[in-house]
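1. I'd like to go over a predicted model; first the sequence, then the structure.
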Amino acid sequence: MKKLSLSVAILLVLLQTGWAQGSGEGSIYGTVADASGAVIPGADVTVVNDLTGLTRNTTTDDNGSFRVDFLRPGEYRLEIRKQGFETAKLTNIKLLVGQIRKVDSALNVGSISSEVTFSYAGSGSIQWN
């Protein structure tokens, strides 16, 4: 009975170790803050694999933290957006086999901009004051 229990325990350890090594997937996590260091909850984080185009989206939590798991090794880019801030674009993020990579970012306060598009088919001119 002891031999059977020991054999089962060894088998379970081998299976778990083999699965973890075989998956080779990693994670990217981090914290998003503003220039003063205050965390930014609710920021949209997009992680893109540059080779495959695989895109994963998440949102920062109340602590400004995010985490994206089950990523294949490769080169990634991150885009982080939040209304009122400039979009942060981080590139050349290399993720190795089984790596858990920390990528923190600071967002700068953005400016409000407007875009107005006119389509005018008549004759004459348009004046904008």
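-> On my side now, so go ahead. Numbering: from 1, shown residues only.
2. ok, N108 - contacts?
-> D34, A35, F85, E86 (Cβ atoms under 8 Å, 6 or more residues apart in numbering). For glycine as for every other residue, the C-beta is placed from the backbone atoms N, C-alpha and C.
3. out of those, who's nearest I100?
-> Within the contacts of N108, proximity to I100 (Cβ to Cβ) peaks at D34, which comes in at 25.1 Å.
4. how about the closest one, what does it touch?
-> Contact analysis of D34 by Cβ under 8 Å, 6+ apart lists I40, F85, A106, L107, N108, V109.
5. can you lay out these as a markdown table showing distance to I28 and pLDDT?
-> Output for the contacts of D34, formatted as a markdown table (distance: Cβ to Cβ, whole Å; pLDDT from 0 to 100):
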| residue | distance to I28 | pLDDT |
| --- | --- | --- |
| I40 | 17 | 97 |
| F85 | 20 | 95 |
| A106 | 17 | 94 |
| L107 | 17 | 95 |
| N108 | 21 | 94 |
| V109 | 25 | 92 |
